[in-house]
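K.L.:
Here is a sequence with its predicted model. Questions after.
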Amino acid sequence: MTTTTDGSTGATLPSRAAAATETALTTPEAAGTPQAAAEAVRRATDFLLARQNAEGWWKGDLETNVTMDAEDLLLRQFLGISDEATTRAAALFIRAEQREDGTWATFHGGPGDLSTTIEAYVALRLAGDAPDAPHMARASAWIREQGGIAASRVFTRIWLALFGWWKWEDLPELPPELIWLPTWMPLNIYDFGCWARQTIVPLTIVFAKRPVRPAPFPLDELHTDPDRPSPPRPLAPATSWDGLFQRLDKALHAFRKVAPKRVRRAAMNTAARWIIERQENDGCWGGIQPPAVYSIIALHLLGYDLNHPVMRAGLESLDRFTVWREDGSRMVEACQSPVWDTCLAVTALADAGLPADHPQLVKAADWLLGEQVVRPGDWAVRRPGLPPGGWAFEFHNDNYPDVDDTAEVILALRRVRHHDPERVDRAIGRGVRWNLGMQSRNGAWGAFDVDNTSPFPNRLPFCDFGEVIDPPSADVTAHVVEMLAAEGLAHDPRTRRGIAWLLAEQEPDGSWFGRWGVNYLYGTGSVVPALIAAGLPGSHPAIRRAVAWLERVQNDDGGWGEDLRSYKNPRKWSGKGASTASQTAWALMALLAAGERDSRAVERGVQWLVATQREDGSWDEPYFTGTGFPWDFSINYHLYRQVFPLTALGRYLHGGPATARRTAEPPVVSSRAEAGGS
């Protein structure tokens, strides 16, 4: 077994969990009684407290997929800074993640993914694995069966183009002049979600330069026909959106040939200034790995030496995204989540019954107060008059605080009895004001920007991977509504608009879609407690439909689970999958908020959590229950398996904050289903 930075293990124990569940259902002392739940809460509390950093924060490993590790090796190869130790450690991790059929998936238990498999294969070639080695031959054969490199996503082919393994002219065009489009014009950079914006701006420089480094080996074995690696694809009809944007791409390719060099150079310089202005104090960009990687490449192409302070800080920031494991392998995190993990941990410990003035809660509150963002960022483009006051997800990300973290931090701070309550009130006041100011026109909230809903970015041929816009979502809106209710604003017109939007977004089966967690279990587990906190009674039809859905999708073992395939095929996979600790907790949090504490469904769910807890107070969860982009980019937050079960069990024992915040007069709003909608 290997130990990660959050103290969890890299091994999976499905057989042990199954055996423990069977024991829970047959052994009286582990039957999910309040006494057994109290013991589980004690162990989980001790486990979580022991993992707090001395500065006051918590951070679990953020596990994604091997493209992070493969692209890190490709970056080092491109910059000429590869070293044997790093390459060997990365290859060890990548090999360990390969499936028996030779492929790599994007989430635990998922199907093989073509682009991920190509990038992993190339990385192992860089590490010295021979193409005729059995594990490599299985991978290349599968890649050819799936259409080869030509069928992979654009980002994979960009990395290959950097070494001449793919032709730049066979990629969609992305001109640097995009940086000059005014905000009122379609496809300006602020029409893209912040994560896409931070990636696209440096990539416009890369596309303008079209660099090619000498390839250390050919990749003919990854083409279905090496003589025709990029077979022509017919254009969609000109009257369709796809056809229109394909022809726009052709026009941009033509413009490249005639673009004045002076204009193009000025555009690249403007883009470079935009990039440098957004570098964080720790050297990263936006606290996430992909924009940092592409920003380093772009600036390097413009002549920035690797010893330049901007470049040196950027490369050093990437090293901090590395998790070294006991077996000598090396995993690269796409992002780090200390603010998110810390506020969730505070809430979990408060729900577990830890005194509000416990020193470790106060220390966590101190750290969170110091992380509030008090200067404008890119969000101010759409809200220029709004004073700052949000919280970001990461250690350093002043440009992109997010609505979700801000709501959850405020909820957490209210659970702590701090020695300087006026400081807490001032910080919360700024956060509430900022969140209210970030409300979109439809009454809901997105994660990072206001009204980031343009239909055009997703149509670009370049954007064939994941979400590139940031529309409002049910889970983020629910967390804001819950926070506003806790602040006494349940009847504020802005809160009521959010409630109305949530009710209108309920699915016909009674669930809610989950944007940032998997999936309908996360959405429903977020919305029901928020609606109850805002004053809806447990008897409200929307709440009863949600309860019925949760009861219907409960697994035979008493837990809940949902596979990421529910994003692709909700009819088949909604609410269905192997039971996990975090998803079971989300279901319980919703049922408990709805007044179902004494129900058989809650009893069985508590039994499952009690039974599957390890002796040290932790839970095992190999499954990915978080998302960056639904389906396309999945996340295993290693702390989710700790904080959410503790929250659910604590609320089972002590009641939840939602029950204490119900208002006397619930808002009079109706759901989409009641109104006859779908």
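P.N.:
The structure has been received and is ready for your questions.
K.L.:
In space, what's closest to Pro218 - neighbours in sequence excluded?
P.N.:
Trp165 (7.9 Å; C-beta to C-beta, 6 or more residues apart in numbering). No exception for glycine: its C-beta is placed from N, CA and C like everyone else's.
K.L.:
how close does the one you found get to Asp220?
P.N.:
Relative to Asp220, Trp165 is positioned 10 Å away (C-beta to C-beta, to the nearest Å).
K.L.:
Looking at those two, which has the bigger crowd around it?
P.N.:
Trp165 (21 against 13; other C-beta atoms under 10 Å).
K.L.:
wait, the residue nearest to Pro218 sits on Ile149?
P.N.:
Yes - contact criterion C-beta atoms under 8 Å: Trp165 and Ile149 qualify, at 7.3 Å.
K.L.:
residues bridging contact with those two, i.e. touching both?
P.N.:
Taking C-beta atoms under 8 Å, 6 or more residues apart in numbering as the contact rule, Trp165 and Ile149 both touch Leu219.
K.L.:
Pull the distance from stretch 364-372 to the chain's centre.
P.N.:
22 Å (C-alpha atoms, centre = their mean, to the nearest Å).
K.L.:
hey, C-alpha coordinates of that stretch in PDB?
P.N.:
Output in PDB follows, covering the C-alpha atoms of stretch 364-372 (Å, rounded to 0.1, in the frame of the first residue of the first chain):
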ATOM      1  CA  ALA A 364      -9.000  26.800  10.900                       C
ATOM      2  CA  ALA A 365     -11.200  29.900  11.100                       C
ATOM      3  CA  ASP A 366      -8.200  32.100  11.400                       C
ATOM      4  CA  TRP A 367      -6.600  30.600   8.300                       C
ATOM      5  CA  LEU A 368      -9.800  30.900   6.400                       C
ATOM      6  CA  LEU A 369     -10.200  34.600   7.300                       C
ATOM      7  CA  GLY A 370      -6.700  35.200   6.000                       C
ATOM      8  CA  GLU A 371      -7.600  33.600   2.700                       C
ATOM      9  CA  GLN A 372     -10.400  36.000   1.800                       C
END
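K.L.:
okay, the residue nearest to Asp616 when sequence neighbours are not counted: pLDDT?
P.N.:
Excluding the flanking residues, the one nearest Asp616 by C-beta to C-beta, 6+ apart is Phe47, at 5.9 Å. Looking at Phe47, its pLDDT reads 98.
K.L.:
Tyr637 versus Phe47, what's the distance?
P.N.:
Distance from Phe47 to Tyr637, counting by C-beta to C-beta: 16 Å.
K.L.:
So between these two, which is more surrounded?
P.N.:
Tyr637 (24 against 19).
K.L.:
tell me the pLDDT at the more buried one?
P.N.:
On pLDDT, Tyr637 comes in at 97.
K.L.:
which residues touch the nearest residue to it once chain neighbours are set aside?
P.N.:
Spatial nearest neighbour of Tyr637, excluding adjacent residues (C-beta to C-beta, 6+ apart): Gly626 at 4.8 Å. Counting by C-beta under 8 Å, 6+ apart, Gly626 makes contact with 516-518, 634-637, 640.
K.L.:
By neighbour count, which of these wins?
P.N.:
Val518 leads those on contacts (other C-beta under 10 Å) with 31 neighbours.
K.L.:
Just confirm that one contacts Lys576, I think it does.
P.N.:
No - applying C-beta under 8 Å, one finds Val518 not in contact with Lys576, separated by 11.3 Å.
K.L.:
sorry, back to before: just the closest of the contacts of Gly626 to Ile158, please.
P.N.:
Ser634 (21.3 Å; C-beta to C-beta).
K.L.:
Just say helix, strand or coil for that closest one.
P.N.:
strand (DSSP: H, G, I helix; E, B strand; the rest coil).
K.L.:
State the distance from it to Glu63.
P.N.:
Here Ser634 is placed at a distance of 9 Å from Glu63 (C-beta to C-beta).
K.L.:
farthest pair in the contacts of Gly626?
P.N.:
Put simply, by C-beta to C-beta the two of these set farthest apart are Trp516 and Asn636, 13.7 Å from each other.
K.L.:
pLDDT score for the residue nearest to Pro218?
P.N.:
pLDDT at Trp165 comes out at 97.
K.L.:
Against Arg125, how distant is it?
P.N.:
10 Å.
K.L.:
what do those two both touch?
P.N.:
Leu219.
K.L.:
give me every residue that touches Thr342.
P.N.:
Contacts of Thr342 by C-beta under 8 Å, 6+ apart are 56-59, 364, 367-368, 412.
K.L.:
Would you confirm that it belongs to a strand?
P.N.:
No - Thr342 is assigned helix when assessed by three-state DSSP, not a strand.
K.L.:
in this structure, which ranges drop under the pLDDT threshold?
P.N.:
Flagging of the chain using pLDDT under 70 yields the residue ranges 1-32, 658-678.
K.L.:
how about the strands in it?
P.N.:
Per DSSP state E, the chain carries strands over the ranges 62-63, 322-324, 330-332, 626-629, 633-637.
K.L.:
ok, the closest residue to Tyr520 other than its chain neighbours - how many residues close by?
P.N.:
In this structure, Tyr520 finds its nearest non-sequential neighbour in Ser511, 4.0 Å apart by C-beta to C-beta, 6+ apart. When neighbours are defined as other C-beta under 10 Å, Ser511 has 30 of them.
K.L.:
Same question for Glu55.
P.N.:
11.
K.L.:
Please report the distance of the closest residue to it other than its chain neighbours from Val346.
P.N.:
Spatial nearest neighbour of Glu55, excluding adjacent residues (C-beta to C-beta, 6+ apart): Trp367 at 5.8 Å. Between Trp367 and Val346 the computed distance is 10 Å (C-beta to C-beta).
K.L.:
same deal with Ala593?
P.N.:
Taking C-beta to C-beta, one finds Ala593 at 19 Å from Val346.
K.L.:
And for Leu302?
P.N.:
Counting by C-beta to C-beta, the gap from Leu302 to Val346 is 43 Å.
K.L.:
still on that earlier bit, name the nearest of the contacts of Thr342 relative to Pro260.
P.N.:
Lys59 (48.2 Å).
K.L.:
What residues does the nearest residue to that closest one once chain neighbours are set aside make contact with?
P.N.:
In space, and not counting its chain neighbours, Lys59 is closest to Pro338: 4.3 Å by C-beta to C-beta, 6+ apart. If you count contacts by C-beta under 8 Å, 6+ apart, Pro338 has them with 57-59, 394-395.
K.L.:
before we move on, the earlier item: so can I have JSON lines of the contacts of Gly626 showing distance to Trp195?
P.N.:
Listed next are those as JSON lines, based on distance: C-beta to C-beta, whole Å:
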{"residue": "Trp516", "distance to Trp195": "12"}
{"residue": "Gly517", "distance to Trp195": "17"}
{"residue": "Val518", "distance to Trp195": "19"}
{"residue": "Ser634", "distance to Trp195": "15"}
{"residue": "Ile635", "distance to Trp195": "13"}
{"residue": "Asn636", "distance to Trp195": "19"}
{"residue": "Tyr637", "distance to Trp195": "17"}
{"residue": "Tyr640", "distance to Trp195": "20"}
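K.L.:
And the helices in the stretch 351-500 of the chain?
P.N.:
For the stretch 351-500 of the chain, the helices defined by DSSP state H, counting those that start in this stretch occupy 359-370, 403-413, 421-437, 474-486, 493-504.
K.L.:
Could you export those as CSV, including mean neighbour count and distance to Ala105?
P.N.:
Shown next, in CSV, are the helices of the stretch 351-500 of the chain (neighbours: other C-beta atoms under 10 Å; distance: least, C-beta to C-beta, whole Å):
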stretch, mean neighbour count, distance to Ala105
helix 359-370, 19, 35
helix 403-413, 27, 27
helix 421-437, 18, 36
helix 474-486, 27, 24
helix 493-504, 21, 33
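K.L.:
And Arg312, how close does it get to Ala548?
P.N.:
57 Å.
K.L.:
what separates stretch 405-417 from the chain centre, distance-wise?
P.N.:
Worked out by C-alpha atoms, centre = their mean, stretch 405-417 lies 20 Å from the chain centre.
K.L.:
my guess is Pro226 meets Asp220, correct?
P.N.:
Yes - Pro226 lies in contact with Asp220 (C-beta under 8 Å); the separation is 4.1 Å.
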